[in-house]
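Participant: return a 3D structure for these sequence lines:
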Amino acid sequence: MNDKTKIMGALVLGAIAGVAIVKLLESDKGKEFVESAKEKAQSTADDIKAKIHQLETELSELLQMQKEYNSGNQA
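Facilitator: Next up is the predicted model:
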């Protein structure tokens, strides 16, 4: 098999796979899958945002404690 044949074969297989994916996503089950994936992604993003907020709060508290500790040791 020469390189041109391999490339053509890969293009044909890619096109077939693309059509199959589009058909799957257009079906009812595919639409349910996409909706479920969107909900999971949103839930994960919300969890990450909440964790970042929690870490920011904890860091702020630790920095405040460090400032208080430093000002207490300087007196």
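
Participant: helix or strand for the residue nearest in space to the middle of the chain, which one?
Facilitator: Centroid check for the chain by C-alpha atoms, centre = their mean gives A41 as the closest residue, at 6.4 Å. Using DSSP states H and E, A41 maps to helix 28-74.

Participant: list the helices and strands that helix packs on?
Facilitator: Contacts defined by 3 or more C-beta pairs under 8 Å, 6 or more residues apart in numbering; DSSP states H and E place helix 28-74 against helix 3-26. (Glycine included, C-beta is placed from N, CA and C.)

Participant: identify all contacting residues around the helix it packs on.
Facilitator: 30-31, 33-34 (C-beta atoms under 8 Å, 6 or more residues apart in numbering).

Participant: now for the residues you listed, which pair is the farthest apart?
Facilitator: K31 and F33 (7.2 Å; C-beta to C-beta).
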